[in-house]
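Enquirer: Sequence first, then the predicted structure, then my questions.
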Number of protein chains: 2
Amino acid sequence: MFFEGSEKKIEVIVTPATPSLRSLGRPFWEDIVGKAHAEILSSVSNEYCDAYLLSESSLFVWDDRFLMLTCGTTTLVHAATHFIDTLGEDAIAFASYQRKNEYLSHLQTTSFEDDLQLLRSKISGNAFRIGHLDSHHHYIFYTDKPYKADADDITNELLMYHIRGDAADYLRSDKQDLPGVRTLLALEEMLPGFSFDDFLFEPFGYSVNGIRGREYITIHITPQENSSYVSFETNLDLTRQPLDVFARLLGVLNPGSWDVIRFNAPHDSCGFPAHICLGSAKMALEHGYQLHFSHYQQLCHEKLLPEII
Amino acid sequence: MFFEGSEKKIEVIVTPATPSLRSLGRPFWEDIVGKAHAEILSSVSNEYCDAYLLSESSLFVWDDRFLMLTCGTTTLVHAATHFIDTLGEDAIAFASYQRKNEYLSHLQTTSFEDDLQLLRSKISGNAFRIGHLDSHHHYIFYTDKPYKADADDITNELLMYHIRGDAADYLRSDKQDLPGVRTLLALEEMLPGFSFDDFLFEPFGYSVNGIRGREYITIHITPQENSSYVSFETNLDLTRQPLDVFARLLGVLNPGSWDVIRFNAPHDSCGFPAHICLGSAKMALEHGYQLHFSHYQQLCHEKLLPEII
């Protein structure tokens, strides 16, 4: 029943001279997604964005950029290098590639170092790890071309581990359905005006993409006992929403530990469950991105149960 | 500069009908150690025990049992299966095989599951993991033959991660020497009457075995910045020593986090630095071993520094 929920992520911004990425059409993106060993399940579009729900996570395409997240044992780095090969390295204004720590990294087909070697054979850039190897950590590669990010080019990521309680039980049960999960997450209430596209996997697991204008949200739930993982990511300014989205998700899903990663967004832990912040880092990247990483643990002692192998 | 300090460990107790394991002689044990891709560097002996310091950790041989720990990318499971093949499965009264979480498990030649499959092809037994996969955890396999452990068959393990401060700086420096490390660890003071055998690796890294009668201690220091690891293990009854050994080591080495594993020994965290115990487990194994596992973190927020890759 093990499934690696933690995602690899690529974000690419193309130069103004490059044709619209949306105009490349669905077959182009099906090919890109296939290079990562994933496939497109469904999609939702608006004036600005095509959001594809994948067999393993999500792809969002705007005219000037795309964002792709894949989990499991997908090979996202091959989608990235195929994109660079197809459009040419000159078309890339900025690219970043990220990997979170995995539950079982030895089951992955490549390590971050392997991916880095491949990426750097196509495009030059810097890379680092934040967080200790024996705890939650995050790898980031980003290109070293001159590029200046807008101050409102925001990303907020909330990565939750070991969800517990009623919501976790429901998400592991055979009673769940799409309306039930939407209600549990209070999607419509938290995110008014968004168009959602969601999917329930067998025997469990849930993914949703949501778009509103240029804004996106994506949630992926791997509820498996002992290796549960839920990710939320958005480019929304969370300080201007009707509800405190992070606090709400943490309250419902009740994870034992969680990480917050923000680009160009103020960090605030008000409304979080009682916790200890084990470690955090703030960095200014050359392109104007202000990066914040924090690793949290619920402030309670956990009685560990042996897992029979 | 990366070195995987965390150990794999095998302990075997043979049946009364089996000849003394010490009488098998050094060439036999050199062969066993070689199967794990390690080698014997030096040894110290007394009336009860031959203690071998290895290129990667330690081997202790008594008449009726042996204990071997190896770190790095050694293949300890092959030493275990070779021993079983040579003496025959019938000679084994009890065996256990353990692995700690590694910093970089994808660099290991096998996973615990791989090792388990190999072990179970030679001898049957149970296995479990304690601790979450995304945090400190410990794998244990043990044979399911009828065997009754003595209540005074004690093991105390202290596994320290991310050592910091003056001692850590000294252990990473080119100023260190054997007398200096012995003084730093206060070995003679903590463990009067022990015969020690120690080794300083290039460019750094320290191992020591100590024996006194049937009692042993072993310490292995991998001081590398960002992936430091120090292990202490003993069959001493720590409640009857002149000094609080665990508190002393924690005080000197100042690790950011540490785990305690005990078999048949009362758990006590008095004297530990200010901490939060993130999780713990207590279990009674069939053979009469009372197992205790606890994972600790210093009670302070850590400013994480990015590690360039």
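Expert: All right, it came through fine. All values reported here derive from a predicted model rather than from experimental measurement.
Enquirer: which residues does A:Leu285 contact?
Expert: A:Leu285 makes contacts with A:Tyr142, A:Leu291, as judged by Cβ atoms under 8 Å, 6 or more residues apart in numbering or on different chains. From N, CA and C alone the C-beta is placed, and that goes for glycine too.
Enquirer: switch to 6 Å and redo it
Expert: Each residue near A:Leu285 by Cβ atoms under 6 Å, 6 or more residues apart in numbering or on different chains is listed here: A:Leu291.
Enquirer: Same question for the one 5 residues further on.
Expert: For A:Gln290, the contacting residues are A:Asn264, A:Ala284, by Cβ under 6 Å, 6+ apart.
Enquirer: What separation is there between it and A:Arg120?
Expert: Distance, A:Gln290 to A:Arg120, by Cβ to Cβ, to the nearest Å: 25 Å.
Enquirer: What strands line up against the helix or strand of chain A with the lowest mean pLDDT, and which way round?
Expert: Least confident helix or strand, chain A: strand A:302-303 with a mean of 89, by mean pLDDT, DSSP states H and E. Sheet pairing for strand A:302-303, assigned by DSSP bridges, gives strand B:275-284 (parallel).
Enquirer: And the next helix or strand past the partner strand?
Expert: Later in the chain than strand B:275-284, the nearest helix or strand by DSSP states H and E is strand B:290-298.
Enquirer: Stretch A:137-148 spans what distance, first to last residue?
Expert: 26 Å (Cα to Cα, to the nearest Å).
Enquirer: State the mean pLDDT of it.
Expert: For stretch A:137-148, mean pLDDT rounds to 96.
Enquirer: Would you mind listing the buried residues in it?
Expert: Under the neighbour-count criterion of 16 or more other Cβ atoms under 10 Å in any protein chain shown, stretch A:137-148 has A:His137, A:His138, A:Tyr139, A:Ile140, A:Phe141, A:Tyr142, A:Thr143, A:Lys145, A:Tyr147 buried.
Enquirer: Would you mind measuring from A:Ala186 to chain B?
Expert: With distances taken as Cβ to the nearest Cβ, to the nearest Å, A:Ala186 is found 27 Å from chain B.
Enquirer: before we move on, which element is the nearest residue to that residue once chain neighbours are set aside in?
Expert: Nearest in space to A:Ala186, with sequence neighbours left out and distances taken as Cβ to Cβ, 6 or more residues apart in numbering or on different chains, is A:Arg248 at 6.5 Å. Per DSSP H and E: A:Arg248 is located in helix A:245-253.
Enquirer: Next: A:Leu41.
Expert: strand A:40-45.
Enquirer: for the following helix or strand past that strand, packing partners?
Expert: Helices and strands here follow DSSP H and E; after strand A:40-45, the next one along the chain is strand A:50-54. Helices and strands touching strand A:50-54, by 3 or more Cβ pairs under 6 Å, 6 or more residues apart in numbering or on different chains; DSSP states H and E, are strand A:40-45, strand A:57-61, strand A:206-212.
Enquirer: Look at the closest residue to A:Leu116 other than its chain neighbours and tell me its secondary structure.
Expert: The shortest distance from A:Leu116 to any non-neighbouring residue, by Cβ to Cβ, 6+ apart, is to A:Ala127 (5.4 Å). Put simply, A:Ala127 is strand when judged by DSSP: H, G, I helix; E, B strand; the rest coil.
Enquirer: And A:Asp153, by the same measure?
Expert: A:Asp153 ends up coil, using three-state DSSP.
Enquirer: residues contacting the residue lying closest to it once chain neighbours are set aside?
Expert: Spatial nearest neighbour of A:Asp153, excluding adjacent residues (Cβ to Cβ, 6+ apart): A:Asn264 at 5.9 Å. Shown in contact with A:Asn264 (Cβ under 6 Å, 6+ apart): A:Asp153, A:Ile154, A:Gln290.
Enquirer: how long is stretch A:138-157 end to end?
Expert: One end of stretch A:138-157 sits 12 Å from the other (Cα to Cα).
Enquirer: swap in stretch A:230-249?
Expert: End-to-end distance of stretch A:230-249 (Cα to Cα): 10 Å.
Enquirer: quick one: which helix or strand includes A:Phe94?
Expert: Using DSSP H and E, the element containing A:Phe94 is strand A:92-100.
Enquirer: tell me which strands and helices the helix or strand just after that strand is in contact with?
Expert: For strand A:92-100, the following helix or strand on the C-terminal side (DSSP H and E) is helix A:112-120. Contacts defined by 3+ Cβ pairs under 6 Å, 6+ apart place helix A:112-120 against helix A:76-87, strand A:138-143.
Enquirer: The closest residue to A:Leu305 other than its chain neighbours: neighbouring residues, count only.
Expert: Setting aside the residues directly before and after it, A:Leu305 is nearest to B:Ala281 in space (Cβ to Cβ, 6+ apart), at 7.0 Å. Residues within reach of B:Ala281, counting by other Cβ atoms under 10 Å in any protein chain shown, total 19.
Enquirer: quick one, phi/psi of A:Gly180?
Expert: phi -60, psi -40 (degrees, to the nearest 10).
Enquirer: Just list the residues touching it, thanks.
Expert: No contacts exist for A:Gly180 under Cβ under 6 Å, 6+ apart.
Enquirer: 10 Å instead?
Expert: A:Tyr170, A:Leu171, A:Ser173, A:Leu200, A:Tyr206 (Cβ atoms under 10 Å, 6 or more residues apart in numbering or on different chains).
Enquirer: Could you list which of those belong to strands?
Expert: Counted as lying in strands by DSSP state E, out of those, are A:Leu200, A:Tyr206.
Enquirer: Go through the contacts of A:Gly180 and single out the one with the most neighbours.
Expert: The residue in these with the most neighbours, by other Cβ under 10 Å, is A:Leu171 (24 neighbours).
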